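Participant: Quick one: sequence plus predicted model below, questions after.
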Amino acid sequence: MTTESRLTGTDERWEQFHRWGPYVLLAISTALAVVSGPFLPAHGHRDLTVWPVAAALALQLWWHRRRRTAGRGTPPATAYFAVRTALAFGLTWMNPFYSIFAVMGYFDSGALLPPRLMRLGMVLTAVTMAGSQSGGLPPGPGAVGWILFGGLFLLHCGLGLLFAHLAQRDADRAAAKAAAITELERTNARLEQALQENAGLHAQLLVQAREAGVADERRRLAAEIHDTIAQGLTGIITQLQAAADTPDAHRARSHVERAAALARRSLGEARRSVQDLGPGDLEHDALPEALEKLVRNWSERAGARAGLTVTGTVEPLHDELEATLLRIAQEALANVDRHAAATRVGVTLSYMGDEVSLDIRDDGRGFDPLALPPRSATGGFGLGGMRARAERVAGTLGIESEPGAGTAVSARVPLVRHG
């Protein structure tokens, strides 16, 4: 059982006591007064107590209906306590056993009276209790009766102060509990508001993530189309143009066959790009073998000498890293073919512990890297596309070139092993 449930049970029991206690104590007092009447001739006024008892019962019935709407310190609650205390005093004057009914004043003065009158209610109850215990009201003849009454009165005042302290503590606890409940409600309201705001932010983030995903997919498809279809079409046009320009039928057929092979290859790569698959060259070969075939085929098409060098211990890389490096090599070689007019190209793949580098160097005409036209002017994804691919896998791409001194493209990516 939790602390809160125990406190709630205690509060309910006190509530039942305040509701039914006066009835029970009045009934006990009346029963004892009736039984003891013949033995208390000096104080027993059986006939006279009928009307005060009826008035006390009527008062309790009235308060039973009003108590739910009359809180502590309200005029009805104060009036009820005052009238009941007066009736209890009168009944105790007639028969001391009615002090049992009067003792209720100790328990509910803190629940009925305002704080400034609570101790006065205790003192009035103490007068009644001391009178009943000193032999009845008024005190017996002589100084002894009054001294006894005074001592009992002081004792009951002390008890009254103790009850007042306990009542105040209960009131403070109730107030603290009410304040805690209010603060809990406010906290719940703030939490609910925060949850609503969080739901709105979550929805906004979903929209932004969806838009970012769409934009990223568009960039990926654009780069893939550039690396596959555009380059393939360029190669096809070159081969068909060469076939049209040569008078040798055998060489023309060779160029047409290369154009057809490029078309089939480009179609397959386009399908793989749409399905977000890796390059077909990596489907059956590791990166070094795929680069070897790429460099050899490019050399045959471009008519320039090209070679691949692999250094370090070859390790199986993550699929995305291998695809990135192969696409960068394809783009770099395509740029050499289109712009460099080079006669020699060297491709170096280096495994260097925690990273892998790919270097493509040519002896072509070179260019000024700081004077490149914007992408919109050329309509391509060349150098910017290679840099974006490297950065997508936490890599870097560097370019060294100057007019007449060739070009070097260097891509570095972290070495993340396959699986």
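Facilitator: Great, that's in hand. Numbering: from 1, shown residues only.

Participant: for stretch 350-365, which positions count as buried?
Facilitator: Y351, V356, S357, L358, D359, I360, R361, D362, D363, G364 (16 or more other C-beta atoms under 10 Å). (Each C-beta comes from the backbone N, C-alpha and C, glycine too.)

Participant: Just the CA trace of it, in CSV.
Facilitator: Output of stretch 350-365 as CSV, limited to C-alpha atoms (Å, rounded to 0.1, in the frame of the first residue of the first chain):
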residue,chain,number,x,y,z
SER,A,350,46.2,2.6,-52.0
TYR,A,351,45.2,0.7,-48.8
MET,A,352,46.7,2.7,-46.0
GLY,A,353,45.6,1.2,-42.6
ASP,A,354,42.6,3.3,-41.7
GLU,A,355,41.8,4.8,-45.1
VAL,A,356,41.8,4.1,-48.8
SER,A,357,43.0,6.6,-51.4
LEU,A,358,42.3,6.7,-55.2
ASP,A,359,44.5,8.9,-57.3
ILE,A,360,44.0,9.5,-61.1
ARG,A,361,46.8,11.5,-62.8
ASP,A,362,47.1,12.5,-66.4
ASP,A,363,49.6,14.5,-68.5
GLY,A,364,46.9,16.5,-70.3
ARG,A,365,46.4,20.2,-70.8
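
Participant: Averaged pLDDT, it. What do you get?
Facilitator: Across stretch 350-365, pLDDT averages out at 92.

Participant: residues in contact with that stretch?
Facilitator: Applying C-beta atoms under 8 Å, 6 or more residues apart in numbering, the contact partners of stretch 350-365 are 310-315, 317, 321, 325, 328-329, 332-333, 336, 339-349, 403-404, 406-415.

Participant: Could you tell me which of the residues you listed belong to helices?
Facilitator: L321, L325, I328, A329, A332, L333 (DSSP state H).

Participant: of those, closest to A243?
Facilitator: L333 (21.9 Å; C-beta to C-beta).

Participant: Could I get the contacting residues of the closest one?
Facilitator: L294, V295, W298, A302, A306, V345, V347, I360.

Participant: quick one: least confident of those residues?
Facilitator: Within the contacts of L333, pLDDT is lowest for A302, at 84.

Participant: can you map out the helices along the stretch 1-150 of the chain?
Facilitator: 3-36, 50-66, 75-94, 99-102, 104-112, 115-133, 143-225 (DSSP state H, counting those that start in this stretch).

Participant: Point out the most buried one among those helices.
Facilitator: Greatest average neighbour count among the helices of the stretch 1-150 of the chain goes to helix 99-102 (a mean of 25), per mean count of other C-beta atoms under 10 Å.

Participant: returning to what we had before: counting neighbours, which of the contacts of stretch 350-365 end up buried?
Facilitator: Among the contacts of stretch 350-365, those buried by neighbour count (16+ other C-beta under 10 Å) are 310, 317, 321, 325, 328-329, 332-333, 336, 340, 342, 345-349, 406-413, 415.
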